[in-house]
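Peer 1: okay, here's the prediction I keep looking at, along with the sequence it came from:
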Amino acid sequence: MTDQELHTLFTNAVGLLKKLIATPSFSKEEEVTAEIIDEFLESKGVLTHQYLNNIWAKNKYFDESKPTILLNSHHDTVKPNKAYTLNPFEPVEKEGKLYGLGSNDAGGCLVSLIATFLHFYKRDDLKYNLIIAATAEEEISGNNGVEILLPRLPKIDFGIVGEPTLMNMALAEKGLLVLDCVAHGKPGHAAREEGDNALYKAVKDIQWFMNYKFEKVSDLLGPMKMSVTIINAGSQHNVVPSECKFTVDVRVNELYTFEEVLDTIKQNVTSDVIPRSCRLRSTSIAVEHPLIQSGLKLGRTYYGSPTTSDKALMNFPTLKMGPGDSARSHTADEFIYIDEIKNGIDLYIQLLEQIL
């Protein structure tokens, strides 16, 4: 790749990102940014497809006999918090930074992956097919984003999920299991020896959640973590509560299935335990995978990520990697360094070039 081509890809990517920043795209409200991305790809001669607010495209010489790599990131954003001092929808370049809502999470990743896709789009000598997918509802783990799109795509062999990682390689993510628990007792008057206090039963179970340690500790993700985050019981001071509800946030490393975790919990607590969802499972990609080996040759480091992304919804090996810094996500006056986008495009292309 020549310096001129990289400069052109970079300039177009930054121009697209500025348009995306200037366009509100809260989760479930991404219609206009989907249109912007669609029009941008079509202006580069790419045949695009759309399902709901998800835009996707195949490389020009897509061959069903070849394996396929997915390049994916999201174009929805959270809502700006009240601490913003800048207009979150005004892309401002200052001191090497591009400010604006979604610039870092995950606009920089998305436009860098789109630029990478365009670099390879017309190549007829690739060993793999490429699919680019700009998807919706990632910030709320919604059902109408990448999860609903994947069954409509050709078979995917592995992928890159664009999230801000300083262009280092997040090989694994903890899964998220949210449990709604209910302890049952019997009502009675608090002044007499009546009833069976459900709150006391809940406390015993909560103490178990506090103290129990799952044995398997991941080299990438560390130990399992369980946190009781909400509790609710009682209606008035003189009535023993017959029911106590509490919520547990469980972060699952890649060494356990959700089913194993639930079995262990149910064997040790007396409360009813109901998982809200089993969708956001822990994931990992092997260090030996060609994609990771390519990254290591480029001097990239790898780690396990404590945050959850659309990677959790994919049933094939994925690498989470992208320009920007996760620490800036969802912060006031969000920004990405302009050079991070240029370096991101360059590194993505080098990463894939060794495989393709």
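Peer 2: Perfect, I can see it now.
Peer 1: direction included, what does the helix or strand bottoming out on mean pLDDT in the chain pair up with?
Peer 2: Using mean pLDDT, DSSP states H and E, strand 188-189 stands out as the lowest-scoring helix or strand of the chain, at a mean of 84. Paired neighbours of strand 188-189 in the sheet (DSSP bridges): strand 239-240 (antiparallel).
Peer 1: going on from the strand it pairs with, what's the next piece of helix or strand?
Peer 2: Next in sequence after strand 239-240, counting helices and strands by DSSP states H and E, comes strand 243-252.
Peer 1: show residues contacting that following strand.
Peer 2: 174-185, 198-199, 201-202, 205-206, 209, 224-234, 258, 261, 271, 281-282, 306 (Cβ atoms under 8 Å, 6 or more residues apart in numbering). Yep, even glycine has a C-beta here, placed from its N, CA and C like the rest.
Peer 1: just the buried positions in that strand, please.
Peer 2: When neighbours are counted by 16 or more other Cβ atoms under 10 Å, the buried residues of strand 243-252 are found to be 243, 244, 245, 246, 248, 250, 251, 252.
Peer 1: could you do stretch 90-109 as well?
Peer 2: 91, 97-109.
Peer 1: now stretch 328-335
Peer 2: Residues 328, 329, 330, 333, 334, 335 are the ones in stretch 328-335 that count as buried (16+ other Cβ under 10 Å).
Peer 1: closest to residue 311 among those residues?
Peer 2: Among these, residue 329 lies closest to residue 311 (Cβ to Cβ), at 15.0 Å.
Peer 1: any idea how far the closest residue in space to that closest one that isn't next to it in sequence lies from residue 311?
Peer 2: In this structure, residue 329 finds its nearest non-sequential neighbour in residue 105, 3.8 Å apart by Cβ to Cβ, 6 or more residues apart in numbering. Relative to residue 311, residue 105 is positioned 14 Å away (Cβ to Cβ, to the nearest Å).
Peer 1: with residue 138 instead?
Peer 2: Distance from residue 138 to residue 311, by Cβ to Cβ: 10 Å.
Peer 1: repeat that for residue 48.
Peer 2: 24 Å.
Peer 1: residues near residue 35, how many?
Peer 2: 14 (other Cβ atoms under 10 Å).
Peer 1: what pLDDT does residue 117 get?
Peer 2: Per-residue confidence for residue 117 comes out at a pLDDT of 98.
Peer 1: hang on, the earlier thing: adding secondary structure, write the buried residues of stretch 328-335 out as JSON lines.
Peer 2: Output for the buried residues of stretch 328-335, formatted as JSON lines (DSSP: H, G, I helix; E, B strand; the rest coil):
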{"residue": "328", "secondary structure": "helix"}
{"residue": "329", "secondary structure": "coil"}
{"residue": "330", "secondary structure": "coil"}
{"residue": "333", "secondary structure": "coil"}
{"residue": "334", "secondary structure": "coil"}
{"residue": "335", "secondary structure": "strand"}
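Peer 1: coming back round to it: now, which of the buried residues of stretch 90-109 lie within strands?
Peer 2: Residues of the buried residues of stretch 90-109 located in strands (DSSP state E): 97, 98, 99.
Peer 1: identify the residue spatially nearest to the residue sitting nearest the centre point of the chain, adjacent ones excluded.
Peer 2: In the chain, the C-alpha nearest the mean C-alpha coordinate belongs to residue 309, at 1.2 Å (Cα atoms, centre = their mean). If the residues on either side of it in the chain are set aside, residue 309 comes closest to residue 163, at 5.0 Å by Cβ to Cβ, 6+ apart.
Peer 1: check the secondary structure at the one you found for me.
Peer 2: coil.
Peer 1: how about the contacts made by it?
Peer 2: Neighbour list for residue 163: 73, 105, 106, 109, 170, 307, 309, 311, 320, 321, 322, 326 [criterion: Cβ under 8 Å, 6+ apart].
Peer 1: which of the residues you listed has the weakest pLDDT?
Peer 2: Minimum pLDDT across these falls on residue 307, with 84.
Peer 1: which parts of stretch 254-270 are buried?
Peer 2: 254, 255, 256, 258, 261, 262, 265, 269.
Peer 1: what pLDDT, on average, does it get?
Peer 2: Computed over stretch 254-270, the average pLDDT equals 96.
Peer 1: distance between it and the chain's centre?
Peer 2: 24 Å (Cα atoms, centre = their mean, to the nearest Å).
Peer 1: what lies in contact with it?
Peer 2: In contact with stretch 254-270 (Cβ under 8 Å, 6+ apart) are residues 172, 175, 177, 179, 181, 183, 201, 204-205, 208-209, 212, 214, 216-218, 220-221, 224, 250, 252, 273, 275, 278, 281-284.
Peer 1: let's see 7 Å
Peer 2: 172, 175, 177, 183, 201, 205, 208, 212, 214, 216, 218, 221, 224, 250, 252, 273, 275, 278, 281-284 (Cβ atoms under 7 Å, 6 or more residues apart in numbering).
Peer 1: likewise stretch 186-204?
Peer 2: 183-185, 231, 233-234, 238-244, 246, 270-271.
Peer 1: which positions within that stretch qualify as buried?
Peer 2: Along stretch 186-204, these residues count as buried under the neighbour rule (16+ other Cβ under 10 Å): 188, 195, 197, 198, 199, 201, 202, 203.
Peer 1: what's the closest non-adjacent residue to the fourth one?
Peer 2: Computed as Cβ to Cβ, 6+ apart, the closest residue to residue 198 that is not its neighbour in sequence is residue 185, at 3.4 Å.
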